[in-house]
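*Asks:* Next one to model:
(chains A and B)
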Amino acid sequence: GEDVEQSLFLSVREGDSSVINCTYTDSSSTYLYWYKQEPGAGLQLLTYIFSNMDMKQDQRLTVLLNKKDKHLSLRIADTQTGDSAIYFCAEGGGFKTIFGAGTRLFVKA
Amino acid sequence: DTGVSQDPRHKITKRGQNVTFRCDPISEHNRLYWYRQTLGQGPEFLTYFQNEAQLEKSRLLSDRFSAERPKGSFSTLEIQRTEQGDSAMYLCASSLPASGINEQFFGPGTRLTVL
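*Replies:* From the prediction side, this is the model:
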């Protein structure tokens, strides 16, 4: 079946890099996504990667995809207190998107 | 604000009552989704509309749940005979598939508490 798993918590110091990991099960997924949810707000797409790519870089964000191991990671360089949020890994293609439980990132000043 | 809006933001009801939630998607988006999110979990897919047609329903959506999108714009989600297990955040999202990646834009959610 479809399942997305990620660790629940990550704590880093301001200025350090954060790495959030995720594993998924559906090898037919066309896109892998990272959504961000800040307190009291709806989920927002942060970045995504097409399934035939290994890496995508977007400013402070780096997404790595290991399709063989069905492993996705999000690296946030120079993490800031404003990056504190819940990060959801998701897989999809077509109309349906399956979300993980979310990783809550705490950034200590 | 041209984002996805949901009404009400909070609803407290007694067990056995019916509740109805409304979602207004981004106006040009033809896909609309309903999700349920409980504490510590990600959004769980409930149902999906392409324009006014309801094309997919999760098995999570029992016969007490019904969703409509009569004119292909706003949508309603009704829960009949609410149970305490229905307490959750109900999220609505919309997308424009022509964007290719099917980026979903989420509303702030309706938090339901069933006493």
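
*Asks:* Within range of chain B, give me the residues from chain A.
*Replies:* Taking CB under 8 Å from any CB of the partner chain as the test, the list of chain A residues beside chain B reads A:4, A:8, A:31, A:33, A:40-45, A:48, A:88, A:90, A:92-102. (Each C-beta comes from the backbone N, C-alpha and C, glycine too.)

*Asks:* Now, of these, which are buried?
*Replies:* Neighbour counting with 16 or more other CB atoms under 10 Å in any protein chain shown marks A:4, A:31, A:33, A:42-43, A:45, A:48, A:88, A:90, A:92-93, A:95-102 as buried within the residues of chain A next to chain B.

*Asks:* picking that back up, I'd like to know which of the residues of chain A next to chain B are part of strands.
*Replies:* Per DSSP state E, strands hold the following members of these: A:4, A:31, A:33, A:44-45, A:48, A:88, A:90, A:92-93, A:96-99.

*Asks:* Would you mind listing the two of those that lie farthest apart?
*Replies:* Of all pairs drawn from those, the widest gap by CB to CB lies between A:Q44 and A:G93 and measures 20.2 Å.

*Asks:* Columns pLDDT on top of the ones in strands among the residues of chain A next to chain B, output as JSON lines?
*Replies:* Putting these into JSON lines (pLDDT from 0 to 100) gives the following:
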{"residue": "A:V4", "pLDDT": "93"}
{"residue": "A:Y31", "pLDDT": "91"}
{"residue": "A:Y33", "pLDDT": "95"}
{"residue": "A:Q44", "pLDDT": "94"}
{"residue": "A:L45", "pLDDT": "94"}
{"residue": "A:Y48", "pLDDT": "93"}
{"residue": "A:F88", "pLDDT": "97"}
{"residue": "A:A90", "pLDDT": "95"}
{"residue": "A:G92", "pLDDT": "89"}
{"residue": "A:G93", "pLDDT": "76"}
{"residue": "A:K96", "pLDDT": "84"}
{"residue": "A:T97", "pLDDT": "90"}
{"residue": "A:I98", "pLDDT": "92"}
{"residue": "A:F99", "pLDDT": "95"}
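
*Asks:* just these now: which is nearest chain B?
*Replies:* The closest of those to chain B turns out to be A:F99 (CB to the nearest CB; 3.4 Å).

*Asks:* tell me the contacts of that closest one?
*Replies:* Contacts for A:F99 were tallied using CB atoms under 8 Å, 6 or more residues apart in numbering or on different chains; they are A:4, A:35, A:88-90, B:42-44.

*Asks:* List just the nearest of these to A:Y24.
*Replies:* Using CB to CB, A:V4 is the member of those that lies nearest A:Y24, at 4.8 Å.

*Asks:* Phi, psi for the nearest residue to the closest one once chain neighbours are set aside please.
*Replies:* Residue nearest to A:V4 in three dimensions, not counting chain neighbours: A:G100, with 3.8 Å by CB to CB, 6 or more residues apart in numbering or on different chains. Backbone torsions of A:G100, given as degrees, to the nearest 10, read phi -80, psi 180.

*Asks:* Same check on the one 5 residues further on?
*Replies:* Here the main-chain torsion angles of A:L105 (degrees, to the nearest 10) amount to phi -100, psi 120.

*Asks:* how near is the closest residue to it other than its chain neighbours to A:R104?
*Replies:* Spatially, and ignoring its direct neighbours in sequence, A:L105 is nearest to A:L10 (5.1 Å; CB to CB, 6+ apart). Between A:L10 and A:R104 the computed distance is 7 Å (CB to CB, to the nearest Å).
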